[in-house]
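Colleague: Build me a model from this:
(one chain, ligands or ions: 1)
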Amino acid sequence: MKKRPAARASASGKRAPAPARSKHRALRLLLVAGARPNFMKVAPILRELRARPDLFDARLVHTGQHYDELMSDVFFQELEIPKPDIHLGVGSGSHAAQTARIMEAFEKVLEADHPDWVVVVGDVNSTMACSMVAAKMSPPIRVAHVEAGLRSRDRSMPEEVNRIVTDALSDLLFTTGPDADRNLVSEGVDRRKIHRVGNVMIDTLRRFVARADSSDVTRRLGIAPPFALLTLHRPSNVDDPAALRRIFRALEVLARDLPIVFPAHPRTVKMMQDLGAQVPATGLLLIEPLGYLDFLHLQRRARLVLTDSGGIQEESSILGVPCLTLRENTERPITLSRGTNVLVGSDEKRIVGAARRILRRPAPRARPIPLWDGKAAGRIAAVFARYKSC
Ligand code: UD1
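Modeller: Predicted coordinates for the structure are as follows:
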């Protein structure tokens, strides 16, 4: 088994990234993807790294946290992500069970092949599980976190716990904006580890938006603008019967104003069945999860997006589509200050009131967000190029 020399220890005892040592061996990076929102983030990073085989040897691990054709495979095909080098096939489970299965399987991967860096993205269980394994290897493997520093300040969100743990263990923290940098600094992260590179999810959006334009999803669904687009899967909304019923009551009212397209996450469908939650009979089009291109096509043409997802707040802001976030907080405050996002929680009156205000006004103009320019993955590769080791 090849072993990398131990990372240097700084005076504070924290590991500091080692500087470049030799130009002869490509830097070995293991990228981790596990769940749907990871795939559009790893795609541009892998593309950039593989474009420079002289500098980087980049491989991809899929944990299998998401495994359905519509939750996983379609993204690999559409976003032209190469087949994962390693598939852990962990599947679903409770948070503890899923995290433990990922950790056990990923530890075997790292034991067999000690890369220079483990690169994780976002805030799903796979992100945190693989960071913990890398940090506890002997010697430790350095962790780079893409989309670091986001904080909702709501620890009842599993993703918030995943973000805090992952950032605490990371040796390189790639951020999307200044609020994330501030969060990290206030938690004591060494500024030299933080690199503001922009938003890799927007790299993917910019690359594929023209291709998404030619999707025929509206014809297949038999809908035409104006329509609203809804996604809903957060435990705080779908696992809480009272919240889910409030949201459906709001949707029933809104569906009288315009049709609502609802590609439903398997978790949400299951909860709706368990609770016997009634989908409003008219105006709400409940469909299976969509692929990336079909979803982007609809999102771009939607008069209004309703969501509890994180990434969709960012995409809607860049597309200039009004977004109502069915949560009380967001870890992405830039979408409120510079984007099109408004927080409405799960209160029926707030949702309907905010939606009707949007429908009365002309559609907003998209405003650029600094560094969300399609070049974030290139900036990440440039940082890694500085760490190329022997
Ligand atoms: C996960 C992420 C969440 C992200 C979401 C996007 C965590 C803690 N949560 O939530 O941050 O926004 O993905 O989709 O990592 N299931 C299937 N097929 C699949 C995957 C899941 O049927 O391919 C069902 C299973 O019943 C499973 C449930 O969905 O138990 C939940 O899946 P899980 O991966 O645990 O979390 P998500 O809710 O998808």
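
Colleague: From the chain's centroid, how far away is stretch 228-245?
Modeller: Taking the mean of its C-alpha atoms, stretch 228-245 sits 18 Å from the chain's own mean (Cα atoms, centre = their mean, to the nearest Å).

Colleague: centre of the chain versus the longest helix along the chain, how much separation?
Modeller: Of all the segments of type helix in the chain, defined by DSSP state H, the longest one is helix 95-112. Relative to the centre of its chain, helix 95-112 is centred 20 Å away, using Cα atoms, centre = their mean.

Colleague: Report the mean confidence score over that helix.
Modeller: Mean pLDDT, helix 95-112: 98.

Colleague: Convert that helix to PDB, retaining C-alpha atoms only.
Modeller: C-alpha atoms of helix 95-112 as PDB (Å, rounded to 0.1, in the frame of the first residue of the first chain):
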ATOM      1  CA  HIS A  95     -29.000   8.700   9.500                       C
ATOM      2  CA  ALA A  96     -26.800   6.600  11.800                       C
ATOM      3  CA  ALA A  97     -27.100   3.400   9.800                       C
ATOM      4  CA  GLN A  98     -26.500   5.100   6.500                       C
ATOM      5  CA  THR A  99     -23.500   7.200   7.800                       C
ATOM      6  CA  ALA A 100     -22.000   4.000   9.400                       C
ATOM      7  CA  ARG A 101     -22.300   2.000   6.200                       C
ATOM      8  CA  ILE A 102     -20.700   4.800   4.200                       C
ATOM      9  CA  MET A 103     -17.900   5.000   6.700                       C
ATOM     10  CA  GLU A 104     -17.100   1.300   6.800                       C
ATOM     11  CA  ALA A 105     -17.100   1.000   3.000                       C
ATOM     12  CA  PHE A 106     -15.100   4.200   2.400                       C
ATOM     13  CA  GLU A 107     -12.500   3.200   5.000                       C
ATOM     14  CA  LYS A 108     -11.700   0.100   2.900                       C
ATOM     15  CA  VAL A 109     -11.300   2.300  -0.200                       C
ATOM     16  CA  LEU A 110      -8.800   4.600   1.600                       C
ATOM     17  CA  GLU A 111      -7.000   1.600   3.100                       C
ATOM     18  CA  ALA A 112      -6.400   0.200  -0.300                       C
END
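
Colleague: ok, stretch 88-97 near the ligand or not?
Modeller: Yes: Stretch 88-97 is in contact with the ligand by Cβ under 6 Å from any ligand atom, via residue 92. Where you see a C-beta, it was placed from the backbone N, CA and C, and this is true even at glycine.

Colleague: Ends of that stretch, what's the gap?
Modeller: Using Cα to Cα, to the nearest Å, one end of stretch 88-97 lies 14 Å from the other.

Colleague: Same question for stretch 67-80.
Modeller: Stretch 67-80 stretches 17 Å from its first residue to its last (Cα to Cα).

Colleague: In space, what's closest to the closest residue to the ligand within the stretch 101-250 of the chain - neighbours in sequence excluded?
Modeller: Nearest to the ligand, among the residues of the stretch 101-250 of the chain, is residue 124, at 3.2 Å (Cβ to the nearest ligand atom). Of all residues not flanking residue 124 in the chain, residue 35 sits nearest, at 4.3 Å (Cβ to Cβ, 6 or more residues apart in numbering).

Colleague: Which residues lie in contact with the one you found in this structure?
Modeller: Contact partners of residue 35, counting by Cβ atoms under 8 Å, 6 or more residues apart in numbering, are 65-66, 71, 122, 124-126.

Colleague: Using TSV, lay out the residues you listed together with distance to residue 217 and secondary structure.
Modeller: Compiled in TSV, the contacts of residue 35 are given as follows (distance: Cβ to Cβ, whole Å; DSSP: H, G, I helix; E, B strand; the rest coil):
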residue	distance to residue 217	secondary structure
65	26	coil
66	21	coil
71	17	helix
122	25	coil
124	26	coil
125	30	helix
126	28	helix
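
Colleague: got a list of what the residue lying closest to residue 40 once chain neighbours are set aside touches?
Modeller: Leaving out its chain neighbours, the residue that sits closest to residue 40 by Cβ to Cβ, 6+ apart is residue 204, at 4.2 Å. Applying Cβ under 8 Å, 6+ apart, one finds that residue 204 lies in contact with 40-41, 43-44, 79, 292.

Colleague: Among those, which pair sits farthest apart?
Modeller: 44 and 292 (12.8 Å; Cβ to Cβ).

Colleague: more neighbours, these two?
Modeller: Shown here are residue 44 and residue 292; by other Cβ atoms under 10 Å, residue 44 has more neighbours (25 against 22).

Colleague: For the protein, what lies in contact range of the ligand?
Modeller: Counting by Cβ under 6 Å from any ligand atom, the chain comes close to the ligand at 35-37, 65-68, 71, 92, 98, 124-125, 158-159, 233, 265-267, 270, 309.

Colleague: Could you rerun that using 8 Å?
Modeller: Contact residues, the chain versus the ligand (Cβ under 8 Å from any ligand atom): 34-37, 65-68, 70-72, 91-93, 95, 98, 122-127, 158-159, 162, 233-235, 265-267, 270, 309-311.

Colleague: Burial check on the residue nearest to residue 176 when sequence neighbours are not counted, number of neighbours?
Modeller: Distances taken as Cβ to Cβ, 6+ apart put residue 199 closest to residue 176, at 4.5 Å, once the chain neighbours are dropped. Around residue 199 there are 28 other residues, counting by other Cβ under 10 Å.

Colleague: Enumerate every residue touching residue 199.
Modeller: Counted by Cβ under 8 Å, 6+ apart, residue 199 has contacts 147, 176-177, 314, 369, 371-372, 376.

Colleague: Also residue 348?
Modeller: Contacts of residue 348 by Cβ under 8 Å, 6+ apart are 246-247, 249-250, 253.

Colleague: Repeat that for residue 374.
Modeller: Contacts for residue 374 (Cβ under 8 Å, 6+ apart) come out as 202-203, 206-207.

Colleague: redo that, cut-off 6 Å
Modeller: With Cβ atoms under 6 Å, 6 or more residues apart in numbering as the criterion, the residues that contact residue 374 are 203, 206.
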